[in-house]
Structure formats: structure tokens, C-alpha cells
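> coords please:
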Amino acid sequence: MNRHRTLGIAAITVTSVLWGTTGTAATFAPQAGPLAIGSAALGIGGLLQALIALPALAAARPRLRENLPLVAVGALAVGVYPLAFYGSMHLAGVAVGTVVSLASAPLASGLLELVVQRTPLSRWWMLAAAVGIVGGVLLCVSNTAAPAASPGGTAAGVALGLVAGLTYAAFSWAAHTLMGRGVDRAASMGAVFGCGGVLLMPVLLLTGAPLLASAQAFTVAAYMALVPMFLGYLFFGFGLTRVSASTATTVTLSEPAVAALLAVLVVGEALTGAGWFGLGLIALVPVTLALAPASGPGTPPVEPARAAGTPANADREPA
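From the prediction side, this is the model:
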């Protein structure tokens, strides 16, 4: 087993656990809408990423300028993702919104690597993605206790979930590609998420008043910005230096499993047998990827020397 790769998968699994707490946390601020929650969580979290990366950003300025279109794509994806993700959960329900958003992300990420970088996808990745998606669907089906959404709301929520999956795959791919082109990990994450955070600030100013209405709502917003988003994306960036973007997005299929467990333990929701089986399948995703042969086909991880500033080989950059 490749220790370098295993550490990356472990870091992204920790990220998934932290992200899985956001749905339960949001229930403690019911007066805040999805736009306020999303813009506060990733907007403030993204700015904090940039703040701690200021020395790295200054050192990497020439390389970032050379890769400005890539930074712009990643930042735009960061700006759209939380609005689409939380909007999807608001319209279609937490289960459907989460499953559609996260189940579509590894597929979009794999296609990005296949089409843009012309990198073949390994059979292990396809197996892990299939197992995780089936597990997520079973979790969705098991959520019988949730109130039924209107057909129109569900359709809109599913559409937003697909947008969330695409944008999540896009910013993961952009950050990983920047690292592969010799931009330091902190600078890559700081540039993409910092610029995305700036894009989210107008949304927060327009919609964030309910988050200041009570100490509880403010605490929820602070928790989501500092723990799942800021700390979570630190782990995510660490993981992206060790595994491909498609592998990272596949591992984060663990997030709905964590969310479902917290909904049972904290919120008081119930899971059917299908839901528990789905949880078991999702738990196999990081295990499957950790056991996958490191020599198999798939996008190579960013080697430490390259992540620290040494240019990647030309044949590993997008065409």
C-alpha cells in the first residue's frame, strides 16, 4: 500500500467528516436561508484560506499570473458551488440535494481528467465511484421520514445539485492542476478559494442579516466557516497533493454517510435497512481506493517537490 497515497485519502476522509456536519449545524439556524449559509460558510472560509497563505501567494505570484485563467475557473466554481449546494438541499431536501451534488461530482471530475488531460480512469476508481453512488442512492431512498417536496422544487433542486457537482469537480481539478504546474499547495488553495470568497461577499452582504439576529445563528455561521470550510479545505488541499482530483471527489462520497449518521444521532431522523446498507457501501469507498494499486492508470498525484514549486512535466498538464 502506498503510504503517500494513503495519507492523502485519510486527509480527504477527515474533510468528508467535517463537511458532513454542515447539514446538522444548519438546522440550528433555521431562520437563515441557503444563500446566507452557503456564502458565509465558504465565503469566509475561503478568505481565511487566502489570509494564511499570503506569504505563499506573494512568492507564487509569477506562476499564478501565468495560470490566471485556471485560477479564474476555480474561483468562479468556488463562488457558485455553495449557493447551488445549499439551494439544492433547500429545494429538494437534504438527502436528495446532498446525494445528487456529491454523486455527480466524481463523475464530472473523472470526465474532466479524461477529456481535458486525456488521462484514462482506472478500474479501481470506477468501482469505488459506482459503490459510492449506489450507497448514496440507497441513503436517499431510505429517507422516508423527510417531508415530500413539490415536483417542481425537487426538479429545481436536482438541477442545482448537478451544478454543485460540476463546480465542486471544477475547483478540485483547478487546485490540483495548479499544484501540478508548480504552484505551492497553500498558494493554489489560497488563490482559488480566496478569489471565490471575494465573489461570495456581495451575496453574504445581501442575505446574511439573519446570521446576526441571534448568538446561536452567529455561532452556527462561525462554526461552518471555521471548521468544515476553513479547516476542512486545509485537509482537502493536503490530500490533493497526494491523490488525483477524481479520487478526492470520490472519497468525499463519505460526506452523506456522515450527514445521515448525525441526522439519526442528533436530529432524531430514522434510517431504514436500505439506508444502513448504503452507509456500509459508502464506507467501502476510501478503503477501496486506499487498496488500489498505485501503478494503475489514473491521474498521478502531485509529487512533493512539484507541489513545493518545481514545474511538472509537460505530459501531465492539461492539453
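
> need the mean per-residue confidence for stretch 188-203.
The average pLDDT for stretch 188-203 rounds to 96.

> ok now stretch 210-227, how far from the chain's centre?
21 Å (C-alpha atoms, centre = their mean, to the nearest Å).

> kindly apply the preceding question to stretch 73-88 instead.
With C-alpha atoms, centre = their mean, you get 10 Å for stretch 73-88.

> just stretch 226-238 next, same as before
10 Å.

> so where is the stretch 101-250 of the chain shaky, pLDDT-wise?
Along the stretch 101-250 of the chain, segments meeting pLDDT under 70 span 117, 121, 136, 139-151.

> the helices in it, which residues?
Shown for the stretch 101-250 of the chain, the helices assigned by DSSP state H, counting those that start in this stretch span residues 123-142, 151-180, 185-207, 215-224, 232-240, 245-251.

> check contacts around residue 126.
residue 110 (C-beta atoms under 8 Å, 6 or more residues apart in numbering). Backbone N, C-alpha and C define where each C-beta goes, glycine included.

> how close does it get to residue 248?
Per C-beta to C-beta, to the nearest Å, residue 126 is found 15 Å from residue 248.

> contacts for stretch 48-59, please.
So stretch 48-59 is contacted by 64, 184, 186-187, 189-191, 193-195, 197, 225-226, 230, 233-234 (C-beta under 8 Å, 6+ apart).

> from the residues you listed, which single one is nearest residue 272?
Closest approach to residue 272 among the contacts of stretch 48-59 (C-beta to C-beta): residue 233, at 33.1 Å.

> residues touching the nearest residue to residue 166 once chain neighbours are set aside, list them.
Using C-beta to C-beta, 6 or more residues apart in numbering and skipping residues adjacent in sequence, the residue nearest residue 166 is residue 108, 4.8 Å away. Residue 108 makes contact with 165-166, 168-170, 249, according to C-beta under 8 Å, 6+ apart.

> please apply the same query to residue 67.
Counting by C-beta under 8 Å, 6+ apart, residue 67 has contacts 178, 181, 183.

> repeat that with 10 Å
The contact partners of residue 67, by C-beta atoms under 10 Å, 6 or more residues apart in numbering, come to 60, 73-74, 174, 177-178, 181-183, 188, 191.

> good, wrapping up.
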